[in-house]
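In: no sequence on this one, just coordinates:
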């Protein structure tokens, strides 16, 4: 009975994580052996590209996650940058409230202006509570407003076992998350490639406007201790104990591991490494669709002035498989030549599907590279003359 329950939880987690991007294409639950366990209250291992859950242990159990809350703080910050509402070159004025935060901090000066890029660095590397509050107030006008946005983003991502009360992870009544939701939001965060510009930094001098410097070091020691680890967010409070969400890549396969509630930081890191070792030993991700790469197939429309245009997949497509999988991969391209003109560049005109032994595993829309326009009177006349 317990085994069936465990696999059901895996399926539910996979559905939630897959909903944030592409559909998971490989059910790895059956590959989890009963002998493999993690020495922590809850844990999860997922493939970052497909969102497939490879292992879980009490992954939907509500728990405090300490500074892993800052994953969402960073996600909203990078979202704002991508949307053009924020720039890393902008300056943020630090309030008295922000500068008074306890716990991990960058020791910001109240009323001083700090660069956004430096504040992101302080949050990512040193888990600075004061930098989090400064960013929250800058983006939303208040911490309360920012927390509302955090919870709205969580709902949009399918994080059904999370409630944020602050942007730092400091202990607060009714603030909780779970390993599965931490994996979901961390996967969303690392989709911002700029995150890795900060997460791999080991140590730096944080310079204040006054000229003084604060040396900050990365709380995620695995970026030096585990091959391929290039990002993560630690967390610790007496209530949550030791938590960590981390990512590592080897040979093109990127994994995300989460552990919550470990008894020691050393034990937490060891269990994360154990999850990574398990994942890299048993699974691999293959990129089977390349977004933006022109296909040999052309989209043709005899009614158009240009007659045809190249097509490209709208995004990359990945296939997660157990190592040693020998299934034959084939491709199918469907183009709808009845799409009405005119067609601007980037119009959806079909799809490409990858099959493994005849079963579909990945699908992406195909879009036009250049525009197709309706012919004018002179164009039609020219065609008639050519056909004469």
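Out: Received, thanks. Owing to the predicted nature of the structure, the values given are computational and were not obtained by experimental measurement. Residues are numbered from 1 along each chain as shown.

In: give me the low-pLDDT residue ranges for the stretch 201-350 of the chain?
Out: Within the stretch 201-350 of the chain, no range satisfies pLDDT under 70.

In: that one: helices as residue ranges?
Out: Residue ranges of the helices in the stretch 201-350 of the chain, as given by DSSP state H, counting those that start in this stretch, are 222-225, 265-282.

In: as a check, name the ranges of all strands in the stretch 201-350 of the chain.
Out: Along the stretch 201-350 of the chain, counting by DSSP state E, counting those that start in this stretch, strands occupy 203-207, 213-217, 229-237, 241-250, 253-262, 283-289, 298-300, 308-313, 317-322, 329-335, 348-356.

In: could those strands go into CSV alongside mean neighbour count and distance to residue 66?
Out: The way it works is simple: take the backbone N, C-alpha and C, and place the C-beta from them, glycine included. Converted to CSV, those look like this (neighbours: other Cβ atoms under 10 Å; distance: least, Cβ to Cβ, whole Å):
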stretch, mean neighbour count, distance to residue 66
strand 203-207, 14, 22
strand 213-217, 14, 18
strand 229-237, 23, 3
strand 241-250, 24, 5
strand 253-262, 26, 9
strand 283-289, 18, 29
strand 298-300, 17, 52
strand 308-313, 19, 40
strand 317-322, 21, 30
strand 329-335, 14, 43
strand 348-356, 18, 40
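
In: now those as CSV including distance to residue 136?
Out: Formatted as CSV, these follow (distance: least, Cβ to Cβ, whole Å):
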stretch, distance to residue 136
strand 203-207, 19
strand 213-217, 19
strand 229-237, 16
strand 241-250, 20
strand 253-262, 23
strand 283-289, 35
strand 298-300, 46
strand 308-313, 37
strand 317-322, 34
strand 329-335, 46
strand 348-356, 38
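
In: so when I look at residue 197, I'm seeing a strand, right?
Out: No. Read with DSSP: H, G, I helix; E, B strand; the rest coil, residue 197 is helix and lies in no strand.

In: do you know how far residue 119 is from residue 110?
Out: 14 Å (Cβ to Cβ, to the nearest Å).

In: give me the more crowded residue out of these two.
Out: residue 119 (27 against 14; other Cβ atoms under 10 Å).

In: residues contacting the more buried one?
Out: When contacts are counted by Cβ atoms under 8 Å, 6 or more residues apart in numbering, residue 119 touches 92, 106, 128, 131, 134-135.

In: quick one: which of those residues is nearest residue 39?
Out: Among the contacts of residue 119, residue 128 lies closest to residue 39 (Cβ to Cβ), at 29.7 Å.

In: test my guess that that closest one contacts residue 120.
Out: No. Applying Cβ atoms under 8 Å, one finds residue 128 not in contact with residue 120, separated by 10.0 Å.

In: quick one, which of the two is more surrounded?
Out: residue 128 (29 against 23).

In: ok, that one to residue 336 distance?
Out: Counting by Cβ to Cβ - residue 128 and residue 336 are separated by 52 Å.

In: mind putting the helices of the stretch 201-350 of the chain in a markdown table, mean neighbour count and distance to residue 148 included?
Out: Converted to a markdown table, those look like this (neighbours: other Cβ under 10 Å; distance: least, Cβ to Cβ, whole Å):
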| stretch | mean neighbour count | distance to residue 148 |
| --- | --- | --- |
| helix 222-225 | 16 | 33 |
| helix 265-282 | 19 | 31 |
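
In: and of those helices, who's closest to residue 318?
Out: helix 265-282 (14.5 Å).

In: now the closest one and strand 317-322, what's the angle there?
Out: 100 degrees (axes from the mean of the first three to the mean of the last three Cα atoms, to 10 degrees).

In: for helix 265-282, name the packing helices and strands.
Out: strand 42-47, strand 53-57, helix 222-225, strand 229-237, strand 241-250, strand 253-262 (3 or more Cβ pairs under 8 Å, 6 or more residues apart in numbering; DSSP states H and E).

In: any idea of the angle it forms with strand 229-237?
Out: Using the same axes, to 10 degrees: helix 265-282 against strand 229-237 is 140 degrees.

In: circling back to that earlier point, and the contacts of residue 119, which is closest to residue 232?
Out: Looking across the contacts of residue 119 and measuring by Cβ to Cβ, the closest to residue 232 is residue 128, at 15.7 Å.
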